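Undergrad: with the sequence up front, the predicted model follows.
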Amino acid sequence: MNDFQDIAAFLTSARDRMGEIVRDRFGDSFIADVFDPMLSEANGLASLAEEVESAMNATDRVIAEARSFGKLES
């Protein structure tokens with residue numbers, strides 16, 4: 001789990017608590033205008049972080065493979 005996933009989980013919990021406590025148009029509007037956009041951004045960043053981590057792992061594998069070719073030629 002990355003930090004953005006932790007943030008998304010926290011925001012989800014806070015949004016749900018807000019929805020339970022403030023049950024009126026103000027609460028609904030606040031959730032829609034504040035929590036939902038932040039949650040959407042956090043989820044997008046979590047997805048991007050996973051893609052970056054995957055790309056880094058693939059790059060590390062290619063580098064390791066290239067290094068092993070160099071050792072074979074020596």
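TA: Arrived safely.

Undergrad: which residues of the protein score low on pLDDT?
TA: 72-74 (pLDDT under 70).

Undergrad: the chain: helices as residue ranges?
TA: Listed in chain order, the helices of the chain (DSSP state H) span 3-21, 25-30, 36-73.

Undergrad: in the last one, what's buried?
TA: Of the residues in helix 36-73, those scored as buried under the neighbour-count criterion (16 or more other CB atoms under 10 Å) are 39, 42-43, 45-46. Heads up, the C-betas are built off the backbone N, CA and C, glycines and all.

Undergrad: report all helices and strands that that helix contacts.
TA: helix 3-21 (3 or more CB pairs under 8 Å, 6 or more residues apart in numbering; DSSP states H and E).

Undergrad: what does the helix it packs on contact?
TA: Contacts with helix 3-21, where a contact means CB atoms under 8 Å, 6 or more residues apart in numbering, come from 27-28, 30-31, 35-36, 38-39, 42-43, 45-46, 49.

Undergrad: how far away from the center of its chain is that helix?
TA: In terms of CA atoms, centre = their mean, to the nearest Å, the centre of helix 3-21 is found 14 Å from the chain centre.

Undergrad: need the residue closest to the centroid of the protein.
TA: Note on the chain: the residue nearest the mean C-alpha position is residue 46, at 1.0 Å, using CA atoms, centre = their mean.

Undergrad: isn't that one right up against residue 2?
TA: Yes. In this structure residue 46 lies within contact range of residue 2 using CB atoms under 8 Å: 6.0 Å.
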